[in-house]
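okay, sequence plus prediction incoming.
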Amino acid sequence: MPIHITLNGKPHAVEHRMDILYLLETLKVPPASVVVERNRSILHRDMFDRVVLKEGDELELIRFVGGG
């Protein structure tokens, strides 16, 4: 049964018991290129495989962009 989260301001359904790392993999987002904010708190990368998404979580994925 899916759970419902908000991802970058938009409704998004995910698999039950999905962790942040698995979410990034399904979105094809390299973990090293993104900062993840969950419910207004920044997550450390070493926690991506330990933090399981819950109903109503609000996530912001902030990507690094190079340029000059």
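Right, received. Where do you want to start?

going by C-alpha atoms from here, please, whenever you check contacts or count neighbours.
Fine.

kindly check the end-to-end length of stretch 27-37 for me.
This stretch, stretch 27-37, spans 16 Å end to end (Cα to Cα, to the nearest Å).

what about it, distance to the chain center?
Mean-position distance between stretch 27-37 and its chain equals 7 Å (Cα atoms, centre = their mean, to the nearest Å).

before we move on, what about stretch 49-60?
Remark: stretch 49-60 is offset 7 Å from the chain centroid, using Cα atoms, centre = their mean.

for it, buried residues please.
Val52, Leu53, Glu58, Leu59, Glu60 (16 or more other Cα atoms under 10 Å).

distance of the fourth one from Gly66?
In this structure, Leu59 and Gly66 are separated by 23 Å, where distance is defined by Cα to Cα.

now the second one
Taken as Cα to Cα, the spacing of Leu53 relative to Gly66 amounts to 29 Å.

the last one now?
Taken as Cα to Cα, the spacing of Glu60 relative to Gly66 amounts to 19 Å.

dihedrals phi and psi, Leu53?
Backbone torsions of Leu53, given as degrees, to the nearest 10, read phi -70, psi 140.

need the contact list for the residue positioned nearest the centre of the chain.
Central residue of the chain (Cα atoms, centre = their mean): Ile20, 4.9 Å from the mean position. Shown in contact with Ile20 (Cα atoms under 8 Å, 6 or more residues apart in numbering): Phe48, Asp49, Arg50, Val51, Val52, Leu53.

among these, which one lies nearest to Lys10?
Leu53 (15.5 Å; Cα to Cα).

quick one: the closest one and Arg17 touch, right?
Yes - assessed by Cα atoms under 8 Å, Leu53 is found in contact with Arg17 at 6.4 Å.

what ranges do the helices span in the protein?
Secondary structure of the chain by DSSP state H: the helices cover 20-26.

all strands for this structure, in order.
For the chain, strands defined by DSSP state E occupy the ranges 3-7, 10-14, 34-38, 41-43, 58-63.

which residues make contact with the shortest one from outside it?
Contacts with strand 41-43, where a contact means Cα under 8 Å, 6+ apart, come from Val35, Val36, Glu37.
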